[in-house]
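K.L.:
my questions are about this predicted structure, shown below with the sequence.
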Amino acid sequence: MAKAGGKEVTGTIKLQAPGGKATPAPPIGPALGQHGVNIGQFVQQFNAETSKLNGMTVSVVISVYADRSFSFVVKSPPAAVLLKDAAKVAKGSGVPHKEKVGTVTMAQVRDIAEQKLPDLNAFTVDAGAKIIAGTARSMGIDVVD
């Protein structure tokens, strides 16, 4: 496969885990185990790096090398998680265009867009805010000015 930093990458794993509170239980343990990665070592390093997130779900991309070592990149939390937190709701609406579950302000949407900008497919905060506002609408969360 591809080579990164002189090591041959044998696989990549994409997971979502609670920041600072990951455990070897599923989905982390089985996903890493099938690639031969030391699960305890990953959990310890991941929790140390994400301790400030205090249980908020984050995406992580793990590169596994031929010698069974690994490296990982922690992405920002998913937009849905940030929107639920901002609107203070437990979950999105089952019928988002009929049943609204909460509201967020445009300022909150811009803050989320600034936080997620490196992970979004947008070049400006305004374009990122439109993406986040669309996610909010699809969750049944109204965006107000």
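P.N.:
Nice, I can see it.
K.L.:
which parts of the protein are helices?
P.N.:
Taking DSSP state H to define them, one finds helices in the chain at 28-33, 39-49, 79-87, 106-116, 125-139.
K.L.:
okay, now the sheet partners of the longest strand seen in the chain, with direction.
P.N.:
Counting residues, the longest strand found in the chain (DSSP state E) is strand 7-18. Taking DSSP bridges as the criterion, strand 7-18 forms sheet pairs with strand 3-4 (antiparallel), strand 57-65 (antiparallel).
K.L.:
which residues touch residue 144?
P.N.:
Applying Cβ atoms under 8 Å, 6 or more residues apart in numbering to residue 144 gives the contacts 103, 104, 105, 106. In this view, the C-beta of every residue, glycine as well, is placed from N, C-alpha and C.
K.L.:
excluding covalently adjacent residues, which one is nearest to residue 14?
P.N.:
Nearest non-adjacent residue to residue 14, counting by Cβ to Cβ, 6 or more residues apart in numbering: residue 61, 5.4 Å away.
K.L.:
I figured that neighbour hits residue 9, correct?
P.N.:
No - using Cβ atoms under 8 Å, residue 61 makes no contact with residue 9, being 11.4 Å away.
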